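Undergrad: coords please:
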Amino acid sequence: MSKRSAERFEWRILGAGAPGRAAPESKLRLGVLISGSGSNLQAIIDAIEGGALPGVEIALVVSNNAGAFGIQRALKHRLPVIYLPWRKLPAGSVLQEMTPNEAQLAGLLSFFRVDLVVLAGWMRILSAPFLEHFANRVINIHPALLPREGRGETYTLSSGETIPALRGLHVVKMALDAGLKVTGSSVHYVIAEVDAGPVICQQEVPIEPGDTEESLHERLKEVEHRLIVEAIRQFRR
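TA: As a prediction, this is how the structure comes out:
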């Protein structure tokens, strides 16, 4: 991102409540869930090791993909990491209790005394029963701008312009296909409705002429790395 763009598109910290936070005198223990490269996991590791996240530690990394490069990142830093094979739910499934996979995951997170669950590129939807078990303790990175309270069909930019609130998969492509001039990233609390939880922090990112899905996604990743660290810092306070 150019210096001019960075000055214009300042990121916002939103004061979403977080009941159930760890006591200030104890370390905040993270459970980081990944499915791929783990670049956001690396950003968290770097922030912890560099002193940008005092009083925070990664208690456990879980991957649903045995080939995820994020596993190698965790091993390099001697973090506990577990591969947990995951069965995808049929579309539209409504569950009254956790799936067997979720029960295993919940058991692991409890065993490792995890305070905050961070979905860092986790490509599986979690059920309402699981999220109720970890209420207000699961956050997610989404590569688009979401309304502050989570719900709603539009987002109002700092310029006053209104754009669609993009949810689900492939939102980077959706932003390009819609001809948007600005998109962004959001970190939000996870609720049973997909990409609809209260936003913790977010940042607008300009779409440059000639941007491709790949080039825009790379710039969004740079923003996400900062936002996820800030979201954890906000939860810690």
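
Undergrad: any idea how far the helix or strand harbouring L109 is from the chain center?
TA: L109 is part of helix 100-111 when elements are defined by DSSP states H and E. Helix 100-111 has its C-alpha centroid displaced from the chain centroid by 19 Å (CA atoms, centre = their mean, to the nearest Å).

Undergrad: and for stretch 120-132?
TA: 11 Å.

Undergrad: how about that stretch: buried residues?
TA: Judged by neighbour count (16 or more other CB atoms under 10 Å), stretch 120-132 contains these buried residues: A120, G121, W122, R124, L126, S127, P129, F130, L131. Any C-beta I mention is one placed from the backbone N, CA and C, and that applies to glycine too.

Undergrad: follow-up on the earlier one: what lies in contact with the helix holding L109?
TA: Contact partners of helix 100-111, identified using CB atoms under 8 Å, 6 or more residues apart in numbering, comprise 31, 33, 60, 62, 82, 84-87, 98, 117, 126-127, 129-130, 133-134.

Undergrad: swap the cut-off to 6 Å and go again
TA: G31, W86, R87, F130, H133 (CB atoms under 6 Å, 6 or more residues apart in numbering).

Undergrad: next: stretch 219-229.
TA: Residues outside stretch 219-229 that contact it (CB under 6 Å, 6+ apart): M1, S39, N40, A43, A47, I141, P143, S185, V187, C201, Q203, V205.

Undergrad: any idea which element I163 lies in?
TA: strand 162-164.

Undergrad: which secondary structure elements does the very next helix or strand once past that strand contact?
TA: The first helix or strand that comes after strand 162-164 along the chain, using DSSP H and E, is helix 171-177. Packing contacts for helix 171-177, counted by 3 or more CB pairs under 6 Å, 6 or more residues apart in numbering; DSSP states H and E, involve helix 213-236.

Undergrad: list the buried residues in stretch 189-204.
TA: Result for stretch 189-204 [16+ other CB under 10 Å]: buried residues 189-192, 195-204.

Undergrad: nearest to I232 among the residues you listed?
TA: I200 (9.2 Å; CB to CB).

Undergrad: you'd agree the closest one is in a helix?
TA: No. Per DSSP: H, G, I helix; E, B strand; the rest coil, I200 lies outside any helix segment and is strand.

Undergrad: which stretches of this protein have low pLDDT?
TA: 1-25, 89-94 (pLDDT under 70).

Undergrad: excluding sequence neighbours, find me the nearest residue to D211.
TA: What sits nearest to D211 in space, not counting adjacent residues and going by CB to CB, 6 or more residues apart in numbering, is L176, at 6.7 Å.

Undergrad: for E149, same thing?
TA: That would be P198: by CB to CB, 6+ apart, it lies 5.8 Å from E149.

Undergrad: how about the helices in the chain?
TA: Along the chain, counting by DSSP state H, helices occupy 3-8, 39-49, 69-76, 100-111, 128-133, 171-177, 213-236.

Undergrad: among those helices, which is nearest G160?
TA: G160 lies closest to helix 3-8 among the helices of the chain, at 13.7 Å (CB to CB).

Undergrad: which residues does the strand holding I163 contact?
TA: T154, Y155, T156, L180.
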